[in-house]
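In: next comes the sequence, and after it the predicted model I'd like to discuss.
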Amino acid sequence: MPKPIKTMEDFSEFVGLSRPTVSKYFNDPSSVRKKTRETIEVALKKSGFRPNLFAVNLNRRRTNIVGIIIPSSIDPFYMALTRRIEALATEAGFFPLVLSTDGQSDLEDRAIRTLKSLNVAGAIIAPLGVESHQRTLAEYGRSVPLVYVDSPLDDTSAFVGTDNEQSFRLIVDYLCRSGEPPSYLGMPDVNTNARTRENAYLDAMAQFGMTPHVLPVPKVRTWDFERFGFEETMRLAGGPNGLPTKTILCANDRIAFGAIAAAYKLGLKVGHGSNANIRIAGHDDHPLSRYACPPITTVAQNVSEIGERAVNMLLAMLGEADSERENFSPTGRFLLSGDLMLRESA
């Protein structure tokens, strides 16, 4: 019986080359001579051997693993962002490893510890904003390049995201000019966007000389935004006092989905015009926003550019910048403008 090939030592013996030569090939195939590379690749096909990439990386001074931590693997925004980051990181020669925290602080802590144990080259993180983890991540960032997306860790860390001040000013201006000024239906306190988006609404209303109405919602931590929007709209719009205005601006589109469902159940017609009872707008341009009933007026985030800038910033921090990336600073903050999407809901 032929000896089973399970380790790098077994494969080195099978191919008839030294272990350092074989390791050099797996670290960078172009680093060995063409004839050696062809010999190894033929042996790989014959043996079916595949090295443990994590074990190979752990033996390096700096691995080629790039960590990605997101709060939710089923949220369309994070799904699209992750796909973009994975594609660009792979193209740059790195192995992307995606970890989801499912909105739970203990899982975020575990994800951070996992990246440390794997000795990743760097990471792109959408943080939950848990206070204790801010200190953990700040300390981790002193030894490993970290870039934050969607919500920043603090005011100084490398960050790429949407300019909430600009995007909320854009949609508040439109809603005020086209009908009753909007009340604001906030989001659960899951990350810093909960606070920054509410403040952006307040600033925009003040700028346009309007009285703000932040709807009173409970302080909860849940990523079930649709249910949150539904239950709070049912409670507020269906209550004895009703809503302060006939326009609701939701912190994100997923909350707007729930608000529209609640309006339907309450017998309220959502839309723009004299025959409508209420206008509902959102933020983010969720992929299904254009297919809601009615389609949701919202502000689109440039997910593709957020992912590209985050990867390019991380590569610059890793010293991997090329001529196409030379304009990307290894530190700083990139705030991207949103685009108004006018649809039937408002």
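Out: Cool, the structure landed.

In: in the stretch 201-346 of the chain, which spans are strands?
Out: Taking DSSP state E, counting those that start in this stretch as the criterion, the stretch 201-346 of the chain contains strands spanning 247-250, 279-281, 298-300, 333-336, 339-341.

In: that's a helix at I124, yeah?
Out: No - residue assignment for I124, taken from DSSP: H, G, I helix; E, B strand; the rest coil, gives strand, which places it outside any helix.

In: among the strands of the stretch 201-346 of the chain, which is nearest L97?
Out: Using Cβ to Cβ as the criterion, the shortest distance between L97 and these is 23.5 Å, found for strand 333-336. Any C-beta I mention is one placed from the backbone N, CA and C, and that applies to glycine too.

In: may I have the closest one as PDB, with CA atoms only?
Out: Coordinates of the C-alpha atoms in strand 333-336 are reproduced here as PDB (Å, rounded to 0.1, in the frame of the first residue of the first chain):
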ATOM      1  CA  ARG A 333     -11.700  58.500   7.200                       C
ATOM      2  CA  PHE A 334     -13.600  58.200   3.900                       C
ATOM      3  CA  LEU A 335     -17.200  59.400   4.100                       C
ATOM      4  CA  LEU A 336     -19.100  58.700   0.800                       C
END
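
In: didn't V299 look like it was pressed against H283?
Out: Yes - the pair formed by V299 and H283 meets the contact definition of Cβ atoms under 8 Å, at 5.0 Å.

In: more crowded one of these two?
Out: For V299 against H283, the residue with the higher neighbour count under other Cβ atoms under 10 Å is H283, and the figures read 31 against 26.

In: for the residue nearest to E226 when sequence neighbours are not counted, what are its contacts?
Out: Spatial nearest neighbour of E226, excluding adjacent residues (Cβ to Cβ, 6 or more residues apart in numbering): G258 at 4.3 Å. For G258, the contact set (Cβ atoms under 8 Å, 6 or more residues apart in numbering) comprises 225-233.

In: circling back: could you redo the strands of the stretch 201-346 of the chain as JSON lines and give each row distance to R110 and mean pLDDT?
Out: Shown next, in JSON lines, are the strands of the stretch 201-346 of the chain (distance: least, Cβ to Cβ, whole Å; pLDDT from 0 to 100):
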{"stretch": "strand 247-250", "distance to R110": "32", "mean pLDDT": "98"}
{"stretch": "strand 279-281", "distance to R110": "37", "mean pLDDT": "98"}
{"stretch": "strand 298-300", "distance to R110": "33", "mean pLDDT": "97"}
{"stretch": "strand 333-336", "distance to R110": "28", "mean pLDDT": "90"}
{"stretch": "strand 339-341", "distance to R110": "37", "mean pLDDT": "97"}
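
In: roughly how far does R135 sit from D154?
Out: To D154, R135 is 10 Å away according to Cβ to Cβ, to the nearest Å.

In: same thing with R309?
Out: 19 Å.

In: compare these two and say which one has the larger neighbour count.
Out: When R309 and D154 are compared on other Cβ under 10 Å, the one with more neighbours turns out to be R309, at 19 against 14.

In: would you check how far apart that one and M341 are?
Out: When distances are taken as Cβ to Cβ, R309 and M341 turn out to be 22 Å apart.

In: before we move on, what about Y148?
Out: Taken as Cβ to Cβ, the spacing of Y148 relative to M341 amounts to 26 Å.

In: who has more neighbours out of the two?
Out: Between Y148 and M341, counting by other Cβ under 10 Å, Y148 is the more crowded of the two (25 against 19).

In: surely the more buried one is within a strand?
Out: Yes - the secondary structure assignment for Y148 places it in a strand, going by three-state DSSP.

In: pretty sure it sits against G141.
Out: No - Y148 is beyond contact range of G141, at 9.2 Å (criterion: Cβ under 8 Å).

In: what touches both of the two?
Out: Contact with both Y148 and G141 is made by residues S157, according to Cβ under 8 Å, 6+ apart.

In: nearest residue to N302 other than its sequence neighbours?
Out: The shortest distance from N302 to any residue other than its chain neighbours is 5.2 Å, reached at L336 (Cβ to Cβ, 6+ apart).

In: and the one you found, what is it in contact with?
Out: When contacts are counted by Cβ under 8 Å, 6+ apart, L336 touches 160-163, 301-302, 305-306, 309.

In: out of these, which is nearest to K35?
Out: Closest to K35, out of all of the contacts of L336 and judged by Cβ to Cβ, is R309, at 41.5 Å.

In: okay but that closest one is in contact with V160, surely?
Out: Yes - under the criterion of Cβ under 8 Å, R309 makes contact with V160 at 4.6 Å.

In: which residues do these two both contact?
Out: Common neighbours of R309 and V160, counting by Cβ under 8 Å, 6+ apart, are 334, 336.

In: before we move on, back to that, which residues do V299 and H283 both contact?
Out: Residues touching both V299 and H283 (Cβ under 8 Å, 6+ apart) are 167-168, 171, 338.

In: neighbour-wise, which of the residues you listed leads?
Out: Most crowded among these, counting by other Cβ under 10 Å, is F168 at 28 neighbours.

In: give me every residue that touches that one.
Out: With the criterion set at Cβ under 8 Å, 6+ apart, F168 makes contact with 197, 200-201, 203-204, 249, 283, 299.

In: let's see it at 6 Å
Out: In this structure, F168 makes contact with 200-201, 204, judged by Cβ atoms under 6 Å, 6 or more residues apart in numbering.

In: how many neighbours does V220 have?
Out: By other Cβ under 10 Å, the residues close to V220 number 10.
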